[in-house]
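Colleague: here is my input, please return the structure:
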Amino acid sequence: MGTTLHTLTPPPGARKKKQRIGRGIGSHRGKTSGRGMKGQLARRTKMSPAFEGGQLPIHRRVPKRGFVNIHRIEVHGINVGLLEGKLEAGTEVTPELLHELGLVPKKANVIKLLGTGELKTKLTIKVHRISESARAKVEGAGGTVELIAEAAEGAEAPADAE
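Modeller: Numbering: from 1, shown residues only. As a prediction, the model looks like this:
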């Protein structure tokens, strides 16, 4: 007789009954229910994971340093070497194209082209910022560089005034 769905059973010892505590002295977990004698831990209280018995907790003992500048501009860098071999000659490289290729995250508001690596493909590159070495490598390969105006954090790029 083979194994079928109605004959399946868990192996012995795989399923244990939940221990029922506080059910009399004969159960071995009666009276104090395994919580010892009197005290804070016997009284079913919830304590913070950071509570250290009244001692000054570690998160208050350790000094705090530095701050986070709320006006920072996060600049995502991309090296020219990453563009080599991924694009055909004459392609216009924009932030949208870089995102589609997976080279920058979608949240990248400001993209800077950096000069690490070699570039032999002629490309038209539109980014927010560029290093001098990257500009030299792009123009040395016969390409051009155009800078895009940076949009303020949380705001769209300004529309052209008529």
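Colleague: quick one, helices of the protein?
Modeller: Taking DSSP state H, the helices of the chain run over residues 58-61, 95-100, 132-140.
Colleague: how about these in TSV, adding mean pLDDT and distance to T3?
Modeller: All C-beta spots, glycine's among them, are computed from the backbone N, C-alpha and C. Converted to TSV, the helices of the chain look like this (pLDDT from 0 to 100; distance: least, C-beta to C-beta, whole Å):
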stretch	mean pLDDT	distance to T3
helix 58-61	94	54
helix 95-100	92	51
helix 132-140	94	65
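Colleague: dump the ones you listed to a markdown table, plus mean neighbour count and distance to P10.
Modeller: Output for these, formatted as a markdown table (neighbours: other C-beta atoms under 10 Å; distance: least, C-beta to C-beta, whole Å):
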| stretch | mean neighbour count | distance to P10 |
| --- | --- | --- |
| helix 58-61 | 10 | 43 |
| helix 95-100 | 16 | 50 |
| helix 132-140 | 16 | 63 |
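Colleague: so which of these gets nearest V80?
Modeller: helix 132-140 (5.2 Å; C-beta to C-beta).
Colleague: next up, phi/psi of the spatially closest residue to I25 that is not a sequence neighbour, please.
Modeller: Leaving aside its sequence neighbours, I25 sits nearest to K31 (C-beta to C-beta, 6 or more residues apart in numbering; 6.1 Å). K31 has phi and psi values of phi 50, psi -80 when expressed as degrees, to the nearest 10.
Colleague: separation between K31 and A42?
Modeller: 11 Å (C-beta to C-beta, to the nearest Å).
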